[in-house]
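**Student:** pasting a predicted model and its sequence here:
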Amino acid sequence: MADAPAADAVALRDRVARGEISAADVAEAQIARIEEADGDIGAFCWFDADYVRRQAQMLDKQRRAGRPIGPLHGLPVALKDVIDTARIPTENGTAVDAGRVPSEDAELVRQLRAAGALILGKTVTAELAFMTPGKTRNPHNLDCTPGGSSSGSAAAVAAGMAPLAVGTQTGGSVIRPAAFCGVTGFKPTFDAISRRGVLAQSPSLDTVGVFSATPREAALLCETLFAPERAGVPMPPPHLLKTVDAGAPLPPVFAVLRPPAWDRAAPETKDALAELTEALGEQAFEFTLPALFDEAADIRYRINIAEMARCFHRYDGRRGIGDAVREAMAEGKQVLAGDYIAALDWPDVLNAALDEVFSRCDAILCPAALGPAPGLETTGDSIFNGLWTLCRTPAVTVPILEADGLPLGAQLVGPRGGDARLLRSAQWLYDWTQSAGETT
């Protein structure tokens, strides 16, 4: 039942800035779409139309008074329900936190409000952003999962209920839902977006990411959200949208990867990657990862569950916590300190091994998921995403492939701090695929 994603967020932003439409007009259009579609999809766990209207009225009043407007003035943004919002419920997808209402906004919410964004509502997450499926259904097929744990954010954008949304990824919780729902999901360089006020599951892995129709719109949102440069941490440059719009000086080159666990990929995924590689011709070359990458999935999981056991201590033994979280916490308590500390050294080792391939390409090209979205009993498998979360590199789902009427995302990966170049390459690939489709 999925319609096209909401109107181009950049064009919408520009129309509001020129005064062609008001923030109230935008708000009413989104409210109508949510009321029409969300009964079937269930992307939102908290939505209040009057709250949206009040924000829009304030933004329009600000504009009429001649005061400066922000770079996201009037643009609706949906937020995953692990991101604190002042005086709005943030329940982390668990019955244990039912009725929890933070007194302060998360840092990224403060940035959005300062930029003039409309906070549209809170979107469904898997319990504590882990693996238990929530109520959300895939807009393309209501019997299929939208992915997880950022299920509601991906589905809201896919169904046109929000032009932009924010989620988080600790394994594959941005890239995979975007692939299943047929939208862009961008997981930036680790720590590029502040995590203050965001549920901590695994601080060494947790990464805030965004959802949009295209990579260009992800660049627009991230320009507001990216944190200042931090000592010792590779940070992407500012002016992401300007970089994307400037285009590549030459057509980008892609290093095509069949990642670990390739034997588990669906035939449709293997065929789609082969066809895309052939179509790219001299702009693509194949490469193979060193054998040490075969251990990356286990290393990432070890870090995840060890830190989950610590960060979720307040949930330990509480009634209402689901089996998936409880069992992962119990397993995390058994991780030896030496093994955990050794695991923390792996991101630098793996990135050193990637330096050579990144010197020869603009981005790595690989699948975003094993195959199309499975049924509602699961959120899917993150095996093709967790490696890049562990490496702390930026990754983006480009919604350009499909099989049997369901989306299949292509995943592009760049070096740490290379977010602008990655988004530029992703937009090129998106536009190139659209042009090729129009001529066939």
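**Tutor:** Okay, I see it. Residues are numbered from 1 along each chain as shown.
**Student:** going by C-alpha atoms from here, please, whenever you check contacts or count neighbours.
**Tutor:** OK.
**Student:** quick one: pLDDT of the residue lying farthest from the centre of the chain?
**Tutor:** Note on the chain: the largest C-alpha distance from the chain mean falls to residue 65, namely 35.8 Å (CA atoms, centre = their mean). Looking at residue 65, its pLDDT reads 94.
**Student:** apart from its chain neighbours, what residue comes closest to the most centrally placed residue in the chain?
**Tutor:** Closest residue to the average C-alpha location of the chain: residue 174 at 3.1 Å, with CA atoms, centre = their mean. Nearest residue to residue 174, sequence neighbours excluded (CA to CA, 6 or more residues apart in numbering): residue 185, at 5.6 Å.
**Student:** low-confidence bits of the stretch 1-150 of the chain, can you list those?
**Tutor:** Scanning the stretch 1-150 of the chain for pLDDT under 70 picks out 1-7.
**Student:** all strands of it, in order?
**Tutor:** For the stretch 1-150 of the chain, strands defined by DSSP state E, counting those that start in this stretch occupy the ranges 44-46, 76-80, 118-123.
**Student:** can you tell which of the ones you listed is closest to residue 391?
**Tutor:** strand 76-80 (23.5 Å; CA to CA).
**Student:** what strands flank the closest one, and is each parallel or antiparallel?
**Tutor:** Strands that pair with strand 76-80, judged by DSSP bridges, come out as strand 118-123 (parallel), strand 164-169 (parallel).
**Student:** so the nearest residue to residue 211 once chain neighbours are set aside, which of the three states?
**Tutor:** Residue nearest to residue 211 in three dimensions, not counting chain neighbours: residue 185, with 4.6 Å by CA to CA, 6+ apart. Secondary structure for residue 185, judged by DSSP: H, G, I helix; E, B strand; the rest coil, is strand.
**Student:** and the pLDDT at residue 185?
**Tutor:** 98.
**Student:** skipping adjacent residues, who's closest to residue 38 in space?
**Tutor:** Using CA to CA, 6+ apart and skipping the chain neighbours, the partner closest in space to residue 38 is residue 44 (7.2 Å).
**Student:** my guess is that neighbour meets residue 123, correct?
**Tutor:** Yes. Using CA atoms under 8 Å, residue 44 is in contact with residue 123, at 4.2 Å.
**Student:** who's more crowded, these two?
**Tutor:** For residue 44 versus residue 123, neighbours defined as other CA atoms under 10 Å are more numerous around residue 123 (31 against 27).
**Student:** can you tell me which residues contact residue 106?
**Tutor:** Residues in contact with residue 106 (CA atoms under 8 Å, 6 or more residues apart in numbering) are 83-85, 195-198.
**Student:** which of the residues you listed sit farthest apart?
**Tutor:** The two members of these with the most space between them (CA to CA) are 85 and 195, at 13.1 Å.
**Student:** who has more neighbours out of those two?
**Tutor:** Taking other CA under 10 Å, residue 85 and residue 195 do not tie; residue 85 has more neighbours (25 against 19).
**Student:** and the closest residue to the more buried one other than its chain neighbours, how far from residue 88?
**Tutor:** Using CA to CA, 6+ apart and skipping the chain neighbours, the partner closest in space to residue 85 is residue 105 (4.4 Å). Residue 105 sits 9 Å away from residue 88, going by CA to CA, to the nearest Å.
**Student:** how about residue 170?
**Tutor:** To residue 88, residue 170 is 24 Å away according to CA to CA.
**Student:** compare those two (neighbour count), which wins?
**Tutor:** residue 170 (26 against 20).
**Student:** tell me the pLDDT of the residue lying closest to the more buried one once chain neighbours are set aside.
**Tutor:** Once flanking residues are discounted, residue 170 sits nearest to residue 206: 4.6 Å by CA to CA, 6+ apart. Per-residue pLDDT puts residue 206 at 98.
**Student:** next one: phi and psi at residue 206?
**Tutor:** Main-chain dihedrals, residue 206, degrees, to the nearest 10: phi -50, psi 130.
**Student:** so how far is residue 349 from it?
**Tutor:** Residue 206 is 19 Å from residue 349, by CA to CA.
**Student:** neighbour count: those two, which is higher?
**Tutor:** Between residue 206 and residue 349, counted using other CA under 10 Å, residue 206 has the larger neighbour count: 23 against 13.
**Student:** contacts only, for the more buried one.
**Tutor:** 168-170, 190, 200.
**Student:** neighbouring contacts of stretch 256-271?
**Tutor:** 277, 284-289, 293-294, 364-367, 369-371, 383-384, 403, 408.
**Student:** which of these count as buried?
**Tutor:** 277, 284-285, 293, 364-367, 369-371, 383-384, 408 (16 or more other CA atoms under 10 Å).
**Student:** and which of these is nearest to residue 305?
**Tutor:** Taking the buried ones among the contacts of stretch 256-271 together and measuring to residue 305 by CA to CA, the closest member is residue 383, at 15.7 Å.
**Student:** residues that sit against both of residue 44 and residue 123, list them.
**Tutor:** 152, 156.
**Student:** circling back to that earlier point, verify the contact between the residue nearest to the centre of the chain and residue 167 for me.
**Tutor:** Yes. Contact criterion CA under 8 Å: residue 174 and residue 167 qualify, at 6.4 Å.
**Student:** anything in contact with each of those two?
**Tutor:** 150, 209-211.
**Student:** point out the ones among those that are inside strands.
**Tutor:** 209-211 (DSSP state E).
**Student:** who wins for most neighbours among these?
**Tutor:** residue 211 (35 neighbours).
**Student:** how about JSON lines for the contacts of residue 106, with distance to residue 110 added?
**Tutor:** Formatted as JSON lines, the contacts of residue 106 follow (distance: CA to CA, whole Å):
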{"residue": "83", "distance to residue 110": "11"}
{"residue": "84", "distance to residue 110": "10"}
{"residue": "85", "distance to residue 110": "9"}
{"residue": "195", "distance to residue 110": "12"}
{"residue": "196", "distance to residue 110": "11"}
{"residue": "197", "distance to residue 110": "10"}
{"residue": "198", "distance to residue 110": "12"}
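**Student:** drop anything exposed from those.
**Tutor:** Here, 16+ other CA under 10 Å leaves 83-85, 195, 197-198 buried among the contacts of residue 106.
**Student:** any idea which of those residues is closest to residue 358?
**Tutor:** residue 195 (27.6 Å).
**Student:** for that closest one, give me its contacts.
**Tutor:** By CA under 8 Å, 6+ apart, the neighbours of residue 195 are 106-108, 207-208.
**Student:** so which of these are in helices?
**Tutor:** 107-108 (DSSP state H).
**Student:** from the contacts of residue 195, which is closest to residue 310?
**Tutor:** residue 207 (17.8 Å).
**Student:** surely the closest one and residue 172 touch.
**Tutor:** No. Assessed by CA under 8 Å, residue 207 is found out of contact with residue 172, at 10.1 Å.
**Student:** quick check: end-to-end length of stretch 116-136?
**Tutor:** End-to-end distance (CA to CA), stretch 116-136: 28 Å.
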